[in-house]
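Structural data only, the sequence is not supplied:
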């Protein structure tokens, strides 16, 4: 989630100014905000639409339906506010662009540190797992009985283990530890879930690209997608015995 970076009334002014440039629908405003701040700020539909509703209730903008899109246009009262606060808008642009760039740099630095820490933690876990496996193998070998020592009759003593030309003993090598069938089955099920989710993501993304090319990828459509994805997740959770 993008952190709140605007002072009181500042995002309202930015939205009014962008609408004053030309009428736009909600998704166009989200894109315009992102472009205005050089890609450093991209608000969600949940941030934009309540503010647009407030501007409409104050009669600073009007809205009209254009197919499936809701287009917002500036009113005379809204234009007056834009004109009166023009210098404030320019200062907001300068201040917030610099602030967002600083936040982005800090985020990139934090991500690099997190990756480094994760890599070190994974190395530590791998080393610990190797040590545990080696200890288990050693303990298994030490615990194996010596058939020759336990035999009471020399005739019953176990034959000497076979050796190769170098003289190394290959007898009594403990089997390599394996994953239990239950664990393997669980991993297989999770892999199927991962594959299904990846396929769904790729299909939805391709549909979104097609919708964008057709001009039908707007804020209303995205709101519907978010609601439907949440509903799908809720139903899947129910199939897993989890209820929200």
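Nice, thanks for sending it over. Because the structure is a prediction, the values reported are computed rather than measured.

continuing past the lowest-mean-pLDDT helix or strand in the chain, what's the next helix or strand?
When the helices and strands of the chain are scored by mean pLDDT, DSSP states H and E, helix 147-150 comes last with a mean of 52. Beyond helix 147-150 on the C-terminal side, the first helix or strand identified by DSSP states H and E is helix 181-214.

Following element in sequence after that following helix, please.
Using DSSP H and E, the helix or strand that follows helix 181-214 in sequence is helix 219-239.

Please work out the average pLDDT along that following helix.
Mean pLDDT, helix 219-239: 80.

Show me the contact partners of it.
Outside helix 219-239, the residues that touch it by C-beta atoms under 8 Å, 6 or more residues apart in numbering are 25-27, 29-30, 45, 48-49, 68-70, 204, 211, 243-244. All C-beta spots, glycine's among them, are computed from the backbone N, C-alpha and C.

what does stretch 46-58 contact?
2, 11-12, 15-16, 26, 29-30, 33, 61-63, 72, 77-78, 219, 223.

cool, stretch 12-19 as well?
Identification of contacts with stretch 12-19 by C-beta under 8 Å, 6+ apart yields 6, 24, 29, 32-33, 36, 48, 51-52, 54-55, 60-61, 72-74, 78, 81-82, 85, 88-89, 92.

buried sites along it?
Going by neighbour count (16 or more other C-beta atoms under 10 Å), the buried part of stretch 12-19 is 12, 13, 14, 15, 16, 17, 18, 19.

So residue 10 versus residue 128, what's the distance?
Distance, residue 10 to residue 128, using C-beta to C-beta, to the nearest Å: 51 Å.

More neighbours: which of the two?
residue 10 (17 against 10; other C-beta atoms under 10 Å).

Report the spatially nearest residue to the more buried one, omitting neighbours in sequence.
residue 92 (5.2 Å; C-beta to C-beta, 6 or more residues apart in numbering).

Counting neighbours, what do you get for that neighbour?
Using other C-beta under 10 Å, the number of residues around residue 92 comes to 20.

again, but for residue 236
For residue 236, using other C-beta under 10 Å, the count is 13.

the domain parsing of the chain - what is it?
Domain segmentation of the chain under automatic domain parsing yields 10-109, 182-244.

among those domains, which is the most enclosed?
Mean neighbour count (mean count of other C-beta atoms under 10 Å) peaks for domain 10-109 among the domains of the chain, with a mean of 16.

Quick check: mean pLDDT of that domain?
Domain 10-109 shows an average pLDDT of 85 in the prediction.

got it, and stretch 123-138?
75.

Which positions within it qualify as buried?
Buried-residue list, stretch 123-138, by 16+ other C-beta under 10 Å: empty.

Do I have it right that residue 29 meets residue 70?
No. With contact defined as C-beta atoms under 8 Å, residue 29 does not count as touching residue 70 (10.8 Å).

Please settle this for me: is residue 73 part of a strand?
Yes. Counting by DSSP: H, G, I helix; E, B strand; the rest coil, residue 73 falls inside a strand.

correct me, but it touches residue 79?
No. Using C-beta under 8 Å, residue 73 is not in contact with residue 79, being 10.2 Å away.

what secondary structure does residue 42 sit in?
From three-state DSSP, the assignment for residue 42 is coil.

so how far is residue 18 from the closest residue to it other than its chain neighbours?
Nearest residue to residue 42, sequence neighbours excluded (C-beta to C-beta, 6+ apart): residue 34, at 4.4 Å. Going from residue 34 to residue 18 by C-beta to C-beta gives 11 Å.
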